[in-house]
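**Student:** For reference, the sequence and a predicted model appear below.
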Amino acid sequence: MDWKSVLERDGPTAWRAAYRLLGNSADADDCLQEAAIDAVKVARREPVANWRALLTRLASARAMDLLRKRYRSQSNHGLDHESPVMADRLDPGENAQLQELRYQLRVALSQLSQEQAAAFCLCALEGWTYAEAAEHLKAPASTVGVLVHRARQHLRELLKDVVPESLSTRSSL
Amino acid sequence: MNANHAPHDPLDAAEASLRELPAHIVPLTATLDRIAAHVGELDTHSIPRHIRTVGPRRWRRFAAMLVTAAALVAVVFGLMHSPQEAFALEDVAAAVREVSTLTYTTVLTPKNGSASQLKNYHKGKLARTESTDGSYRVTDSAGRRMLSVRPGLKAATLTKLGDGPQDVPTMSDSIIAWLRTAETTGEPAGDKTINGVRTQGFKAAFGATTMTLWGDPKTKLPVLIEATIGSSADPIHMVMRDFVFNQPLPDAMFSFEIPTGFKTEEITFPSVDFAALGKVPPEDHVVRVLRFYAKLNDGAFPERIDGPELVAKITKAAGADRVKNPDFMKEFMELTGSMGAAWTFRQSLDKFGYDGTARLNDADRIVFWYLPKKAEKYRVVFADLTIGDAPEEELPKAPRK
């Protein structure tokens, strides 16, 4: 198995999936490594048709594990975990508010069930179709749709009190 | 984004903020290469599956280093303690020192895990360690160099250590140093027949680390060594067995010739004076470790100061880029010695405590304390990394050994 080629080709996508959730490179590095190790196991059980999708799913799952550990076991605010490069195109005020939003979303994600979080990460954040996610989550596409819908409901409820004022003047980010 | 909600919906905004990651945020090529190499090794390695999958973050850094780490700790301890009045264990140490060649097998079994196996060969200042996947490492202790060859990846790494007053320790050195540490606390463990040889046992404990050596009374040489190393939370059972002494070993086994077509990486490490480190007061080693860790972690202290977890965290915090900085590596290598010394020191204490919840420069907080022999007050390290003495009632209410 040419792991170097696989990692060069598909590793960055999986790594970015983990980075989205965790906000820093060191944790994303760990998630990608653990995902790659998990992928070895999967490859022993069954042929792998799409390494990028497999690594991305596994890296997302690892990142969610880390997120749960981070926010369920700690009472401290998590902003210090995020690398500043995530918002370097924004002015400081917007940057701070978006950083707060991302933090709140990460905390909220850590409170979802594993199934809902996985479906939300793949479909809402990584842009997978329900069918693509269904194949990897081993569930019907309709179920994935329901999971994403419920995840959004749950997240919206958890984030309902987070309304930074400037967001009302921004149509997109 | 969900069209049923207004653009200023906090969920939509947060989603978009996470989704629209700037294009320049990508992993380092070196990171991908490192992961590919690691996974490639695991993929071709015959280490049992359990080891590959449980705690990979820890194992990726330590599976291969474990024996070396144990050796380092033992050697540091050995350098810090001059030989004392000995009984049979000293005879074993002396006998091991005299052999011309040494061959043995090391089996490492983590808690709830399966075993991995290494074959070790020693000839004077040369050593060779072979993994079951065909990868091997040759160490030239006097020449201060080490060659790691990974046939599965067609890759080799030549590591050169800078000049120093001591030879690079080999495993036989570590066995001797380990036996020395056992001299003061070792006690008979009875007799046992191993492979037809009637052996005599000696048991020693250093905190969470325990060792039982079964030696042949006739030759004074070890037949089997069993040890539990690592942290108390994640103990690793180590067995050194199949000892063969003074068997001719061809020089070719210790060749530094790199197979044709192998990609070669060369690394040079600065040297560390372990003898000088051995003269540093033990609590100063703790201070060094805490300072180094806090500097890399914005003033936070580690949760624990023992076991491989701390080394893993420091290695991770150090990052790949800093490894290329000679000044940083010099400090890091010295810290490695201090970590071994601090770990060994901690293992030797009866009354000891650590509270890592303080932050650097919290001058009133005590992070580390121990009771020196025959002392009434505890020796303490404050969070501003000054050292002092304090009565027991002033100590933090953290769990202590």
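**Tutor:** Right, received. Where do you want to start?
**Student:** element containing residue B:127?
**Tutor:** strand B:126-131 (DSSP states H and E).
**Student:** So the top helix by length along chain A, near chain B or not?
**Tutor:** If you go by DSSP state H, chain A has its longest helix at helix A:51-73. No. Helix A:51-73 does not reach chain B (CB under 8 Å from any CB of the partner chain); its nearest approach is 9.9 Å. Quick note: C-beta positions are derived from backbone N, CA and C, even for glycine.
**Student:** and the helix or strand following that helix, which residues are buried?
**Tutor:** Where DSSP H and E defines the elements, the next helix or strand beyond helix A:51-73 is helix A:92-109. For helix A:92-109, burial by neighbour count (16 or more other CB atoms under 10 Å in any protein chain shown) applies to A:94, A:97-109.
**Student:** can you give me the strands for the stretch 151-300 of chain B?
**Tutor:** Here the stretch 151-300 of chain B has its strands, by DSSP state E, counting those that start in this stretch, at B:155-161, B:187-194, B:197-206, B:209-216, B:221-230, B:235-245, B:263-269.
**Student:** just checking, what packs against the helix or strand bottoming out on mean pLDDT in chain A?
**Tutor:** Lowest on mean pLDDT, DSSP states H and E among the helices and strands of chain A sits helix A:92-109, with a mean of 76. Applying 3 or more CB pairs under 8 Å, 6 or more residues apart in numbering or on different chains; DSSP states H and E, one finds that helix A:92-109 contacts helix A:3-22, helix A:51-73, helix A:141-158, helix B:10-19.
**Student:** Among these, which comes closest to residue B:388?
**Tutor:** helix A:51-73 (32.5 Å; CB to CB).
**Student:** wait, residue B:259 sits on residue B:153?
**Tutor:** No. Assessed by CB atoms under 8 Å, residue B:259 is found out of contact with residue B:153, at 11.6 Å.
**Student:** Tell me which of the two has more neighbours.
**Tutor:** Of the pair residue B:259 and residue B:153, residue B:153 is the one with more neighbours under other CB atoms under 10 Å in any protein chain shown, namely 19 against 10.
**Student:** and the more buried one, what is it in contact with?
**Tutor:** Residue B:153 is in contact with B:37, B:40-41, B:44, B:263, counting by CB atoms under 8 Å, 6 or more residues apart in numbering or on different chains.
**Student:** quick one: low-confidence parts of chain A?
**Tutor:** Counting by pLDDT under 70, the ranges of chain A that qualify are A:72-96, A:162-173.
**Student:** Could you state which residue of it sits nearest its centroid?
**Tutor:** Central residue of chain A (CA atoms, centre = their mean): residue A:21, 4.2 Å from the mean position.
**Student:** Mean neighbour count, mean pLDDT and distance to residue B:130 for the strands of the stretch 151-300 of chain B - can I get that in JSON lines?
**Tutor:** Listed next are the strands of the stretch 151-300 of chain B as JSON lines, based on neighbours: other CB atoms under 10 Å in any protein chain shown; pLDDT from 0 to 100; distance: least, CB to CB, whole Å:
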{"stretch": "strand B:155-161", "mean neighbour count": "18", "mean pLDDT": "83", "distance to residue B:130": "14"}
{"stretch": "strand B:187-194", "mean neighbour count": "12", "mean pLDDT": "82", "distance to residue B:130": "23"}
{"stretch": "strand B:197-206", "mean neighbour count": "18", "mean pLDDT": "79", "distance to residue B:130": "25"}
{"stretch": "strand B:209-216", "mean neighbour count": "22", "mean pLDDT": "81", "distance to residue B:130": "24"}
{"stretch": "strand B:221-230", "mean neighbour count": "21", "mean pLDDT": "82", "distance to residue B:130": "19"}
{"stretch": "strand B:235-245", "mean neighbour count": "18", "mean pLDDT": "85", "distance to residue B:130": "13"}
{"stretch": "strand B:263-269", "mean neighbour count": "13", "mean pLDDT": "79", "distance to residue B:130": "19"}
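**Student:** Among those strands, which comes closest to residue A:44?
**Tutor:** strand B:155-161 (22.8 Å).
**Student:** just the angle between the closest one and strand B:263-269, please?
**Tutor:** 20 degrees (axes from the mean of the first three to the mean of the last three CA atoms, to 10 degrees).
**Student:** same for strand B:155-161, what does it pack against?
**Tutor:** Using 3+ CB pairs under 8 Å, 6+ apart: strand B:155-161 touches strand B:145-150, strand B:263-269.
**Student:** partners of the shortest one in the sheet?
**Tutor:** For strand B:145-150, the paired strands and their directions (DSSP bridges) read strand B:136-140 (antiparallel), strand B:155-161 (antiparallel).
**Student:** got the angle between the shortest one and strand B:126-131?
**Tutor:** Going back to what we said before, that points to strand B:136-140. Angle, strand B:136-140 to strand B:126-131, by the same axes, to 10 degrees: 170 degrees.
**Student:** Can you name the residues in contact with strand B:136-140?
**Tutor:** B:125-130, B:145-149, B:168, B:170, B:253-256.
**Student:** Now do that strand, average pLDDT.
**Tutor:** For strand B:136-140, the mean pLDDT works out to 88.
**Student:** what about the strands paired with strand B:145-150, which gets the closest to residue B:213?
**Tutor:** Closest approach to residue B:213 among the strands paired with strand B:145-150 is made by strand B:136-140 (23.5 Å; CB to CB).
**Student:** what helices or strands is the strand or helix carrying residue A:44 leaning on?
**Tutor:** If you go by DSSP H and E, residue A:44 is part of helix A:25-45. Other elements packing on helix A:25-45 under the criterion 3+ CB pairs under 8 Å, 6+ apart are helix A:3-22, helix A:51-73, helix B:29-44, helix B:49-53, helix B:56-62, helix B:307-322.
**Student:** Let's have the helices and strands packed on helix A:92-109 in a markdown table, adding distance to residue B:297.
**Tutor:** As requested, the helices and strands packed on helix A:92-109 are exported to a markdown table (distance: least, CB to CB, whole Å):
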| stretch | distance to residue B:297 |
| --- | --- |
| helix A:3-22 | 16 |
| helix A:51-73 | 15 |
| helix A:141-158 | 30 |
| helix B:10-19 | 25 |
